[in-house]
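Novice: Dropping a prediction and its sequence here:
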Amino acid sequence: MSENLVVPTMAEMLAQGKQPEVLFWVGCAGSFDDRAKKITKAFVRILNRANVDFAVLGTEEGCTGDPAKRAGNEFLFQMQAFMNIEVLNAYEAKKIVTACPHCFNTLKNEYPELGGKYEVLHHTQFLKELLDSGRLTIEGGQFKGKKITFHDPCYLGRANKIYEAPRDLIQKLDAELVEMKRSKANGLCCGAGGAQMFKEPENGDKDINVERTEDALETNAQIIAAGCPFCNTMLTDGTKAKHREHDVKVLDVAELIANAQDL
């Protein structure tokens, strides 16, 4: 399938004397992880369909510094943050959207005190904005009547109290939203937060991601919806550990919408 994705960079926009409506912060996972790249592409297809004037930083984007900060390397975090803030401020970025809750939380809550003040949205919030303003329409399509459960990413849910946007989008797909016993403010981490994504688990008798996947499987959902590239990886690994990867799919909310629209 040939992909005609239109992804302008901020540098190209500036050269044309234009300022995009929103800057799409892709993040490390969305740029380099093969699974997360599919989420990036799905989101871009939706932006293209909704005629959103957006741009990315491209090679000028560096890691937000979230893993470094959470692992305790404040010095490295500040170096990474200052470099990004310099670039963002040079482009006079006002509104940023990202599909990664870690980038979202860092840009929104950690950057202001370092001189980076922006309106930052998670992609589910931005998609809901597009929907509410009529720029994007969603038909249920292949997800009509399907049982879908949503796993709250820690940095979207408990850290930033965003629970409704992703759920509203899932319900717009005419799907049956089923909640896990631990959800919203009582949600359980997928096991990747706090830079745990990049190290092996410590000694114990059960991995967190398996415990969380069991929560999801208990709902009998056919699809586990995620809103974070790390959660996606952890829950996918969980379905494999439970030998359920053949009948339970883990998909990002953006992928659900793009697939429903056949984008």
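Specialist: Everything's here; your move. Computed from a prediction, not measured in an experiment: that's the story for all the values here. Numbering: from 1, shown residues only.
Novice: how about the strands in the chain?
Specialist: For the chain, the strands defined by DSSP state E occupy 22-25, 54-55, 95-98, 119-122, 147-150, 176-177, 223-226, 249-252.
Novice: dump the residue contacts of Arg35.
Specialist: 229, 232-233, 236 (Cβ atoms under 8 Å, 6 or more residues apart in numbering). Any C-beta I mention is one placed from the backbone N, CA and C, and that applies to glycine too.
Novice: Recalculate using a threshold of 10 Å.
Specialist: 29, 229, 232-233, 236, 250, 252 (Cβ atoms under 10 Å, 6 or more residues apart in numbering).
Novice: okay, those residues in TSV with neighbour count and distance to Glu21 next?
Specialist: As requested, the contacts of Arg35 are exported to TSV (neighbours: other Cβ atoms under 10 Å; distance: Cβ to Cβ, whole Å):
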residue	neighbour count	distance to Glu21
Ala29	22	24
Pro229	28	24
Asn232	27	27
Thr233	21	30
Thr236	20	33
Val250	23	30
Asp252	26	22
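Novice: Would you mark the buried spots in stretch 40-54?
Specialist: For stretch 40-54, the neighbour count (16 or more other Cβ atoms under 10 Å) marks 40-47, 49-50, 52, 54 as buried.
Novice: what about the closest residue to Met180 other than its chain neighbours, neighbour count?
Specialist: Distances taken as Cβ to Cβ, 6 or more residues apart in numbering place Asp215 nearest to Met180, at 4.4 Å, with adjacent residues excluded. Asp215 has 20 neighbours, counted by other Cβ atoms under 10 Å.
Novice: was I right about Asp215 contacting Cys189?
Specialist: No. Asp215 is beyond contact range of Cys189, at 11.4 Å (criterion: Cβ atoms under 10 Å).
Novice: Between the two, which contacts overlap?
Specialist: With Cβ under 10 Å, 6+ apart as the test, Asp215 and Cys189 both reach His151.
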